[in-house]
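# 3D model of this:
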Amino acid sequence: METIQHATPGPIDGLEIKNLAVHSDDRGYLFEIAHNHELPKFGQVYAVGDPVRGAIRAFHKHDVLWDLFCIVKGSAKFVLIDDRAESKTKGNLQIVAIGERAPKLIIVPPGIYHGWMALEDDTLMISTASELYNSDKPDEYRIDPYTYGDVWTVKGK
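Now for the predicted structure:
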C-alpha cells in the first residue's frame, strides 16, 4: 500500500463537518450529536478522553469503517488526509478545530487518514463507528503522526 508523504492543504471530498444546534434554557443545554442516516450502519459508540493538552492520537484510516467524531468537553484539532485512490481530492490535507463551545460533528468516510490533538486539558470525544471493532482483524492502517511533517503545532495567525 502506497501512502502519500506530501499533502496539499485543501478540502476533502466526502468529508462532512456539521454544525450542531445547541438548545439551552435555565436548566442547561442539550445538543444532538448524530442521527441514524449519517452512517451506512451502526457499529458502536465510544468515548475517548485526553487528560493533557497536546496529546496526539494519529494517524490511521479504514477500508470499510466510517467514523463520526464530536468533542463534548474541551477542544481538539483534527487533521485529515485523503488517501483514497480514486478520489479527486487525493493528497488533500484538511484541518478542523472543534470544541464544546461551538459543537460540530465530523463524518469521516473510509480511506481518509485522520487523527486529533487535544487543545485543552480533559478533552473528551464521543465517537460513533459504522462497524464493531474486531481485534482479530482490525480495519485500520496506522502511520506515524509526523508522516506529513509537523501539522500539530498551533501557529499564530
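
# Next, the distance between the ends of stretch 80-91.
Its first and final residues considered, stretch 80-91 spans 10 Å by CA to CA, to the nearest Å.

# mind checking how far it is from the chain centre?
Taking the mean of its C-alpha atoms, stretch 80-91 sits 15 Å from the chain's own mean (CA atoms, centre = their mean, to the nearest Å).

# in it, what counts as buried?
Neighbour-count burial for stretch 80-91 flags 80-84, 87, 89-91 (criterion: 16 or more other CB atoms under 10 Å). Any C-beta I mention is one placed from the backbone N, CA and C, and that applies to glycine too.

# of all the residues you listed, which comes closest to Lys41?
Ranked by distance to Lys41 (CB to CB), the buried residues of stretch 80-91 are led by Arg84 at 19.9 Å.

# so what's the closest one up against?
90, 109-112 (CB atoms under 8 Å, 6 or more residues apart in numbering).

# Just among these, which is most surrounded?
Most neighbours among the contacts of Arg84, by other CB atoms under 10 Å: Ile112, with 24 neighbours.

# ok, that one to His23 distance?
Ile112 is 31 Å from His23, where distance means CB to CB, to the nearest Å.

# now Arg101
15 Å.

# backbone phi and psi for the closest residue to Lys73 other than its chain neighbours, please?
With sequence-adjacent residues excluded and distances taken as CB to CB, 6 or more residues apart in numbering, Lys73 is closest to Leu124, at 4.0 Å. Dihedral angles of Leu124 (phi, psi; degrees, to the nearest 10) stand at phi -130, psi 130.

# At which residues are the strands of the chain located?
8-9, 16-19, 22-25, 28-31, 44-50, 56-61, 67-73, 75-82, 92-99, 104-108, 112-118, 123-129, 141-142 (DSSP state E).

# Could you export those as JSON lines, including mean pLDDT?
Below are the strands of the chain laid out as JSON lines (pLDDT from 0 to 100):
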{"stretch": "strand 8-9", "mean pLDDT": "92"}
{"stretch": "strand 16-19", "mean pLDDT": "98"}
{"stretch": "strand 22-25", "mean pLDDT": "95"}
{"stretch": "strand 28-31", "mean pLDDT": "94"}
{"stretch": "strand 44-50", "mean pLDDT": "96"}
{"stretch": "strand 56-61", "mean pLDDT": "97"}
{"stretch": "strand 67-73", "mean pLDDT": "98"}
{"stretch": "strand 75-82", "mean pLDDT": "98"}
{"stretch": "strand 92-99", "mean pLDDT": "97"}
{"stretch": "strand 104-108", "mean pLDDT": "98"}
{"stretch": "strand 112-118", "mean pLDDT": "98"}
{"stretch": "strand 123-129", "mean pLDDT": "97"}
{"stretch": "strand 141-142", "mean pLDDT": "97"}
